[in-house]
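A.B. asks: Kindly generate the corresponding structure for this input.
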Amino acid sequence: MKRGVLLLMLAVLVSVFPLFAQEEETPAQNQAIWKYFAAALAVGISCVAGGIAVGQIGSAAMGAMSENPELSGKALPYAGLAEGICLWGFLVALLILIL
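C.D. replies: Residues are numbered from 1 along each chain as shown. Model prediction:
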């Protein structure tokens, strides 16, 4: 699973570089390109990490609830914290694009 995610990220990274094979660019255009690339990486990596975390928490919560049904409400905040990782990545991307 982890190897597949890493290979997918590497394939996306390698496939992006031919997009930069254009004519001579001004420094302002070059900076704008790297801003969008950094914002995409911030959102992409944080969402992948959040998805992995929610998957781990969800499977552990289901296992705990199968043994003790009263634990159903206690697992929800942990899943929310894991989803917060995605929101932080989105906020970082907005800050990169705005500043």
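A.B. asks: C-alpha from now on. contacts and neighbour counts both.
C.D. replies: Fine.
A.B. asks: Report the mean confidence score over the lengthiest helix in the chain.
C.D. replies: Scanning the chain for the helix with the most residues, using DSSP state H, yields helix 27-67. Mean pLDDT, computed over helix 27-67, is 89.
A.B. asks: Point out the other elements, helices or strands, that it touches.
C.D. replies: helix 72-98 (3 or more Cα pairs under 8 Å, 6 or more residues apart in numbering; DSSP states H and E).
A.B. asks: now the angle from the helix it packs on to helix 27-67?
C.D. replies: 180 degrees (axes from the mean of the first three to the mean of the last three Cα atoms, to 10 degrees).
A.B. asks: starting at the chain centroid, how far to the longest helix of the chain?
C.D. replies: 2 Å (Cα atoms, centre = their mean, to the nearest Å).
A.B. asks: cool, and stretch 82-97?
C.D. replies: 9 Å.
A.B. asks: neighbouring contacts of it?
C.D. replies: Stretch 82-97 is contacted by residues 35-36, 38-40, 42-47, 49-51, 53-54 when judged by Cα atoms under 8 Å, 6 or more residues apart in numbering.
A.B. asks: ok, now with 7 Å
C.D. replies: Residues outside stretch 82-97 that contact it (Cα atoms under 7 Å, 6 or more residues apart in numbering) are 35-36, 39, 42-43, 46-47, 50, 53-54.
A.B. asks: Alright, that wraps it up for me.
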